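Asker: could you work out the structure for the sequence below:
(chains A, B, C and D)
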Protein chains: 4
Amino acid sequence: MFPVGRSAERVEAFAAAIRDQGGSATAVVADTTSAVEVARIFDTVSAQAGVPQFVVYNAGNNRFAPLLEMDDAFFEDLWRLCCFGGFLVGREAAGRMLPEGGGTLIFTGATASIRARPPFTAFASAKAALRALAHGMAREFGAQGLHVGHVIIDGGIDGDQLNSRFPQFKERLGEDGMLNVDAIADAYWSLHAQHRSAWTLELDLRPYKESF
Amino acid sequence: MFPVGRSAERVEAFAAAIRDQGGSATAVVADTTSAVEVARIFDTVSAQAGVPQFVVYNAGNNRFAPLLEMDDAFFEDLWRLCCFGGFLVGREAAGRMLPEGGGTLIFTGATASIRARPPFTAFASAKAALRALAHGMAREFGAQGLHVGHVIIDGGIDGDQLNSRFPQFKERLGEDGMLNVDAIADAYWSLHAQHRSAWTLELDLRPYKESF
Amino acid sequence: MFPVGRSAERVEAFAAAIRDQGGSATAVVADTTSAVEVARIFDTVSAQAGVPQFVVYNAGNNRFAPLLEMDDAFFEDLWRLCCFGGFLVGREAAGRMLPEGGGTLIFTGATASIRARPPFTAFASAKAALRALAHGMAREFGAQGLHVGHVIIDGGIDGDQLNSRFPQFKERLGEDGMLNVDAIADAYWSLHAQHRSAWTLELDLRPYKESF
Amino acid sequence: MFPVGRSAERVEAFAAAIRDQGGSATAVVADTTSAVEVARIFDTVSAQAGVPQFVVYNAGNNRFAPLLEMDDAFFEDLWRLCCFGGFLVGREAAGRMLPEGGGTLIFTGATASIRARPPFTAFASAKAALRALAHGMAREFGAQGLHVGHVIIDGGIDGDQLNSRFPQFKERLGEDGMLNVDAIADAYWSLHAQHRSAWTLELDLRPYKESF
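Answerer: Modelled structure (predicted):
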């Protein structure tokens, strides 16, 4: 497994945690919003493990602001991270995986992918753009063996990011009120495991008690 | 397993086929568009195996006609089979499963569930009605432990019905151009197996080479 | 204008109100869930004014209940009123208007047409079914000159029904917080007035201050 | 009226054509993908005619390519033109119009706004992003009096661009097979004319004979 991230510290720690549990993981420090770095990611992976068969793009950052207070960079950066990086990774993945017969490419969506609410308008715009990318790629590459999926995460993820910043959030939601990270991974893997005669393009994931 | 159908011959043969493969199956002959019969189905199942934890409603019949040639019964019967039976089964299932802590209830959708095209307008209307039922039930009962799913089958199913009537259809689509029945079952089961912190309400299933 | 309704008292009063304002209106008392009565409506209209060019189906009744408390008739009656009557009227309208070159046929939708929330699940199911009917008819008959529209009313209507039963509702929403009836009529008429090179199938209408 | 465009020649000719028909029009040459230029547009308009009450963003360019042949700039430029310019114009318009009590702001969408098909994946991604922007702004600013609309043009527009490049296209579609420009303008204006108790966020426009 090759976790990718901009922060060496975080991605190395993540890879180490996987190895501690008996898994195999090599951290790749890179910025997915640069085509050159994206190519380097795939070069690194391919050199060590061959062309990947399972690629997930889940970079994102649901920053928010009133629209009148969003400066140009705020709006653009969200798109660059949530969508443009997805395009770069998707294009690179398709270019390398298709000659090998395909594989699975999953983009992570959010509630905002299909519903734009302030103050998340910029995030919603970027996520809607990513979703359309996924749908277009699914239609373009499915018949060639590339399974493109788009998973809408509709709820809080029970991970470090939310829990360290909003510890009371988890408590308030109660048991299984946030998405378990392993459960998300299972869902992604189940897409990869699907028989090609019955592929899923889009599914939603939310806690059983989530209001929606 | 308790396959249900109106035709004794077909549902018995189906149950026998499952037993031949080492499974356990008891055929239940019933019409799901009658509340009395639906109650009887659940009584039969409960008497033999307890309250079910996994219920699938996949009755349906994509009959088609130009709208001006649809008589009243044509339009109504499609709704009764595709949607009303789903309501009766869903209500009965919820009423019995909720006191036991819940379970999984899946409704089978179709491309027509989200796209109404002639000459399938009546079918689309009935399937859209079923989908809304599923969404409403998911919202009403999720927090009580009932996982409601709606699976959109977008393509031809590689089963007896299509193959016996349109044998050339399968040939034209080529290998894995129709949905494999086991692959569909896997997808349904994967919904049942989901951790309750990450439930899916809706997913689509289509052959990798399907144009959509 | 030929207002139609089941209650002679209400539909006569409505027609009288239109005449009082200088309009022309003839009440037609009929139940739109019966094909025979629907044919009679069109016979009556045609005898007096020729084949209609503008038909609106807005029967409906957003009754609600917890799903486990809905009996069979509750679920079925909502479908019969919200959807089946729409099918009968739509079929009759198309059958009469198409030979005359077409016209406009509008179905009234609601928030529930695209979002099923308890305790409105039965209503949502029926309205989703009506919407699919409208979309299918639009695709089937557009090229023959029949403009089918589906208008989603997303908010409370500032009419007798709501105001007499929930007077405090209007007060709480404030000025223009409910949909003005004339404004709705303007929107419907604007669909009828559209040039056939730029027809609208679906639009939503909601008060400027509505949260959605 | 203040038509805006990057090409002085085209926007001047357009303004002149309006004046020839007795209208009032001042061309503004500007690039809407620059915040500075967008501010200048509004300054120019405001100096001559006060804060505008009706603003339309319809920049766009449905360029297409196989995804593997799209270079970074291709994907980014489409987003910049179709979506980022919309953000800049929307933000500027809201900032100026809200203190005056609001007005109408319309974004032009396309079939691709809601359906991503190759080879239009980049265009679809950008248009989906614009649509989400419109929906978010509608929710954020509606209650303050800003009517945000998103109009989905589903068909070819009977204007210079298509007709000069693909003259046979119009012929093949036949009479009224392409969207009449005046009919589009009427639809936009009807949104501006709506009573605030019944505003439309989204409508689609397509020729009566369009297949969809």
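Asker: quick check: buried residues in stretch A:51-71?
Answerer: Judged by neighbour count using 16 or more other C-beta atoms under 10 Å in any protein chain shown, the buried positions of stretch A:51-71 are A:51-52, A:54-57, A:59-60, A:63-65, A:67, A:70. For the C-beta atoms, the positions are set from N, CA and C on the backbone; glycine is no exception.
Asker: can you narrow these to ones near chain B?
Answerer: Among the buried residues of stretch A:51-71, none lies close to chain B by the criterion of C-beta under 8 Å from any C-beta of the partner chain.
Asker: now, among the residues you listed, which is nearest to D:Phe166?
Answerer: A:Tyr57 (36.3 Å; C-beta to C-beta).
Asker: just the pLDDT for that closest one.
Answerer: Model confidence at A:Tyr57, given as pLDDT, is 98.
Asker: so what pairs up with it in the strands?
Answerer: With DSSP bridges as the criterion, A:Tyr57 is bridged to A:Phe107.
Asker: ok, it to A:Ala94 distance?
Answerer: 12 Å (C-beta to C-beta, to the nearest Å).
Asker: thinking again about what came up before, tabulate the buried residues of stretch A:51-71 (TSV), appending secondary structure.
Answerer: Shown next, in TSV, are the buried residues of stretch A:51-71 (DSSP: H, G, I helix; E, B strand; the rest coil):
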residue	secondary structure
A:Val51	coil
A:Pro52	coil
A:Phe54	strand
A:Val55	strand
A:Val56	strand
A:Tyr57	strand
A:Ala59	coil
A:Gly60	coil
A:Arg63	coil
A:Phe64	coil
A:Ala65	coil
A:Leu67	helix
A:Met70	coil
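Asker: what is the nearest of those residues to B:Gly22?
Answerer: Lowest distance from B:Gly22 to these (C-beta to C-beta) belongs to A:Phe54, with 32.5 Å.
Asker: common neighbours of A:Tyr57 and A:Ala94, please.
Answerer: Common neighbours of A:Tyr57 and A:Ala94 (criterion: C-beta atoms under 8 Å, 6 or more residues apart in numbering or on different chains): A:Leu105.
Asker: for the lengthiest helix in chain A, name the packing helices and strands.
Answerer: As assigned by DSSP state H, the longest helix anywhere in chain A is helix A:121-141. Counting contacts by 3 or more C-beta pairs under 8 Å, 6 or more residues apart in numbering or on different chains; DSSP states H and E, helix A:121-141 packs against helix A:72-79, helix A:85-97, strand A:103-110, strand A:146-153, helix D:121-141.
Asker: which ones are touching A:His135?
Answerer: So A:His135 contacts A:150, A:201-202, D:115-116, D:124 (C-beta under 8 Å, 6+ apart).
Asker: repeat that for 10 Å
Answerer: Each residue near A:His135 by C-beta atoms under 10 Å, 6 or more residues apart in numbering or on different chains is listed here: A:107, A:148, A:150, A:201-202, B:212, D:114-118, D:121, D:124-125, D:128.
Asker: if we can go back for a sec, could I get the helices and strands packed on helix A:121-141 as TSV with distance to C:Ile184 and mean pLDDT?
Answerer: Shown next, in TSV, are those (distance: least, C-beta to C-beta, whole Å; pLDDT from 0 to 100):
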stretch	distance to C:Ile184	mean pLDDT
helix A:72-79	36	98
helix A:85-97	41	98
strand A:103-110	35	98
strand A:146-153	34	98
helix D:121-141	19	98
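Asker: residue closest to the middle of chain A?
Answerer: Nearest to the mean C-alpha position of chain A, by C-alpha atoms, centre = their mean, lies A:Asn58 at 1.5 Å.
Asker: you'd agree it is up against A:Tyr188?
Answerer: Yes: under the criterion of C-beta atoms under 10 Å, A:Asn58 makes contact with A:Tyr188 at 9.1 Å.
Asker: how distant is the helix or strand of chain A with the lowest mean pLDDT from the center of its chain?
Answerer: In chain A, no helix or strand scores lower on mean pLDDT, DSSP states H and E than helix A:160-165, which sits at a mean of 83. Remark: helix A:160-165 is offset 18 Å from the chain centroid, using C-alpha atoms, centre = their mean, to the nearest Å.
Asker: which elements pack onto it?
Answerer: helix A:8-20, helix A:167-173 (3 or more C-beta pairs under 10 Å, 6 or more residues apart in numbering or on different chains; DSSP states H and E).
Asker: most packed of those?
Answerer: helix A:8-20 (a mean of 14; mean count of other C-beta atoms under 10 Å in any protein chain shown).
Asker: circling back: which parts of the least confident helix or strand of chain A are buried?
Answerer: Using 16+ other C-beta under 10 Å as the test for burial, helix A:160-165 gives A:Asn163.
Asker: same question for stretch A:88-105.
Answerer: For stretch A:88-105, using 16+ other C-beta under 10 Å, the buried residues are A:88-94, A:96-98, A:102-105.
Asker: find the nearest non-adjacent residue to the residue located most distally from the centre of chain A, please.
Answerer: Residue farthest from the centre of chain A, counting by C-alpha atoms, centre = their mean, is A:Leu68 at 28.4 Å. Computed as C-beta to C-beta, 6 or more residues apart in numbering or on different chains, the closest residue to A:Leu68 that is not its neighbour in sequence is D:Gly95, at 5.6 Å.
Asker: which residues are in contact with that neighbour?
Answerer: D:Gly95 touches A:67-68, D:39, D:42, counting by C-beta under 10 Å, 6+ apart.
Asker: from D:Ala35, how far off is it?
Answerer: 11 Å.
Asker: same question for A:Arg19.
Answerer: 47 Å.
Asker: likewise for A:Asp186?
Answerer: 44 Å.
Asker: same question, A:Val36
Answerer: 28 Å.
Asker: more crowded one of the two?
Answerer: D:Ala35 (17 against 10; other C-beta atoms under 10 Å in any protein chain shown).
Asker: for the closest residue in space to A:Phe84 that isn't next to it in sequence, give me its contacts.
Answerer: Nearest non-adjacent residue to A:Phe84, counting by C-beta to C-beta, 6+ apart: A:Thr33, 5.8 Å away. Taking C-beta under 10 Å, 6+ apart as the contact definition, A:Thr33 lies against A:6, A:59, A:77, A:79-89, D:72.
Asker: likewise for A:Phe123?
Answerer: So A:Phe123 contacts A:60-65, A:75, A:78-79, A:81-82, A:110, A:112-113, A:116-117, D:132, D:136 (C-beta under 10 Å, 6+ apart).
Asker: for it, which non-adjacent residue is spatially closest?
Answerer: For A:Phe123, ignoring the flanking residues on the chain, the nearest one in space by C-beta to C-beta, 6+ apart is A:Asn62 at 4.8 Å.
Asker: show the pLDDT at that neighbour.
Answerer: A:Asn62 is assigned 86 on the pLDDT scale.
Asker: surely A:Ala16 touches A:Ala25?
Answerer: Yes: A:Ala16 is within contact range of A:Ala25, at 7.8 Å (criterion: C-beta under 10 Å).
Asker: list the buried ones in the one helix or strand A:Tyr188 maps to?
Answerer: In this structure, A:Tyr188 sits in helix A:181-193 according to DSSP states H and E. Within helix A:181-193, the residues that qualify as buried are A:183-184, A:186-188, A:190-192, counting by 16+ other C-beta under 10 Å.
Asker: counting by contacts, list what that helix packs against.
Answerer: Here helix A:181-193 touches strand A:54-57, strand A:103-110, strand A:146-153, strand A:202-205, helix B:181-193, strand B:202-205, going by 3+ C-beta pairs under 10 Å, 6+ apart.
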